[in-house]
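J.: Pasting a predicted model and its sequence here:
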Amino acid sequence: MALHEQTRKAASGDSSKAASGDTGGAGSDIASRLLAWYDMHHRELPWRITPRAAAGGAKPDPYRIWLSEVMLQQTTVEAVKSYFRAFVEKWSDVGALAAAPIEDVMKAWAGLGYYSRARNLKACADLVAQSGGRFPDNETGLRELPGIGAYTAAAIAAIAFDRPAAVVDGNVERVISRLYSIETPLSEAKPEIRTLVEKLVPQSRPGDFAQAMMDLGATICTPKRPRCMLCPVREDCTAILSGDPERFPVRLPKADKPLRRGAAFVAERSDGAILLRKRPDKGLLGGMTEVPTTSWTARIDGATTADAAPIPADWRRAGQITHVFTHFALELEVFHARVKSDAPKGYFWSLAHDISGEALPTVMKKVIEAAIPGATKK
């Protein structure tokens with residue numbers, strides 16, 4: 001039975017087959033229509049081999065696919081593009097990245113967030129380079145590398161090596177949730193969604209299929225106001241018949257994020273140098289660079305007054321910044337002072353023209369900008 005026939009029955013109350021993914025021959029039909037749409041409407045991305053280029057013999061570069069997929073974890077495509085271009089300009093292959101100092105990698109990653117990804121990126125490059133510079137061509141081998149989980153392994157296997165892997169990111173979860181009107185909350189429905197994707201993956205062009213699903217979610221089946229009339233699989237989508245596709249995926253109410261407080265101190269020397277230190281390699285913002293702050297964490301507040309400054313000076317309040325992390329929000333009182341003393345142990349002075357190249361996470365850039373506007377953009 002074709003899926004759109006199941007859909008009509010689902011609308012009248014017989015939803016068991018659609019919900020279970022028993023789509024008969026509809027899976028291949030969905031895949032073929034989605035691939036035809038992708039051939040015409042794919043996004044142009046700096047790490048992607050387009051269908052036309054592939055037809056001309058171009059092959060995906062596993063290094064570029066891996067790099068882009070690691071960068072794209074918890075980050076938007078638009079935010080990643082400039083970082084990706086900068087990385088491949090500095091380090092054109094995995095061997096070059098393996099040869100780079102970790103400090104340089106962290107500096108190039110600064111601002112992209114989730115900094116454990118950068119440390120794992122370097123560790124993974126080191127291992128691959130030691131193994132002759134070739135990435136494993138299957139999910140099992142890829143998952144043995146640092147920083148590569150189930151999703152990333154599937155994406156690399158499908159896109160770089162054309163393996164029939166089920167690639168499920170947030171866009172794909174939304175598409176599948178709507179296609180089958182999955183009532184289970186998304187946090188609990190992930191295994192069901194993966195099973196449904198596995199049934200749709202074609203043996204031919206599975207890499208393009210994976211990218212087509214992601215493009216469909218990013219450009220057509222969007223979270224708000226999806227453009228259903230332009231969707232290549234709209235005839236099979238049960239959520240369209242429900243009249244409320246935006247209801248899917250079903251989500252549980254979000255818990256409020258706790259608010260933590262602390263203080264940050266921007267010490268400026270007469271030549272414009274700023275006092276910095278490196279954070280411990282483990283933990284939040286591990287290995288990144290920061291101005292001195294009080295001892296706030298995701299669980300406890302830090303002191304919020306100038307009394308907690310690391311060196312004596314005429315500290316003046318320069319404002320307040322707020323930054324939202326994955327599990328909590330942070331509010332920092334910012335203090336600024338001009339100082340003449342040497343850097344205390346564990347700190348260093350970064351000259352004004354070097355600040356923009358330091359491994360400063362976004363929260364620290366906000367702090368410095370509050371005290372010295374334009375300092376991180378020179």
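T.: Perfect, thanks for sending it. Residues are numbered from 1 along each chain as shown.

J.: Contacts for the helix or strand hosting residue 333, please.
T.: In this assignment (DSSP states H and E), residue 333 forms part of strand 329-338. In this structure, residues lying in contact with strand 329-338 by CB atoms under 8 Å, 6 or more residues apart in numbering are 257-270, 293, 296, 304-306, 309, 313-324, 363, 367, 370-372. C-betas here are computed from N, CA, C, even on glycine.

J.: For the buried ones among the residues you listed, write the corresponding PyMOL selection.
T.: Buried residues within the contacts of strand 329-338, by 16 or more other CB atoms under 10 Å, are selected in PyMOL with:
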select buried, resi 260+261+262+263+264+265+266+267+268+269+293+296+304+306+309+313+315+318+321+323+363+367+370+371+372
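
J.: before we move on, the earlier item: check the offset of the strand holding residue 333 from the chain's centre.
T.: How far strand 329-338 lies from its chain's middle: 28 Å, per CA atoms, centre = their mean, to the nearest Å.

J.: What of stretch 82-100?
T.: 18 Å.

J.: what's the distance between residue 183 and residue 177?
T.: Using CB to CB, to the nearest Å, residue 183 is found at 9 Å from residue 177.

J.: which residues do these two both contact?
T.: With CB under 8 Å, 6+ apart, residue 183 and residue 177 have common neighbours residue 250.

J.: So these two - more neighbours on which side?
T.: residue 177 (25 against 13; other CB atoms under 10 Å).

J.: Quick one: residues contacting that one.
T.: Residues in contact with residue 177 (CB under 8 Å, 6+ apart) are 186, 189, 193, 239, 248-250.

J.: Apply 10 Å and report the result again.
T.: 183-184, 186, 189, 192-193, 196, 221, 239, 245, 247-251 (CB atoms under 10 Å, 6 or more residues apart in numbering).

J.: Residue 222 too?
T.: Per CB under 10 Å, 6+ apart, neighbours of residue 222: 171, 174, 216, 246.

J.: Pull the number of nearby residues for the nearest residue to the last one once chain neighbours are set aside.
T.: Using CB to CB, 6 or more residues apart in numbering and skipping the chain neighbours, the partner closest in space to residue 246 is residue 224 (6.5 Å). Summarising burial for residue 224: neighbours were counted as other CB under 10 Å, giving 5.

J.: before we move on, what about residue 300?
T.: By other CB under 10 Å, the residues close to residue 300 number 10.

J.: And the pLDDT at it?
T.: We have a pLDDT of 95 for residue 300.

J.: cool, the one 3 residues further on as well?
T.: If you check residue 303, the pLDDT there is 96.

J.: ok, it - contacts?
T.: Contacts of residue 303 by CB under 10 Å, 6+ apart are 261-263, 293-296, 309, 333.

J.: These: which two are farthest apart?
T.: The most widely separated members of the contacts of residue 303 are 261 and 309, with 16.0 Å between them, by CB to CB.

J.: re the thing from before, buried only: go through the contacts of residue 177 for me.
T.: 186, 189, 192-193, 196, 221, 239, 245, 248-249.

J.: could you dump those residues to JSON lines with secondary structure and pLDDT?
T.: Formatted as JSON lines, the buried ones among the contacts of residue 177 follow (DSSP: H, G, I helix; E, B strand; the rest coil; pLDDT from 0 to 100):
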{"residue": "186", "secondary structure": "helix", "pLDDT": "95"}
{"residue": "189", "secondary structure": "helix", "pLDDT": "96"}
{"residue": "192", "secondary structure": "helix", "pLDDT": "97"}
{"residue": "193", "secondary structure": "helix", "pLDDT": "97"}
{"residue": "196", "secondary structure": "helix", "pLDDT": "97"}
{"residue": "221", "secondary structure": "coil", "pLDDT": "98"}
{"residue": "239", "secondary structure": "helix", "pLDDT": "95"}
{"residue": "245", "secondary structure": "helix", "pLDDT": "95"}
{"residue": "248", "secondary structure": "coil", "pLDDT": "96"}
{"residue": "249", "secondary structure": "coil", "pLDDT": "96"}
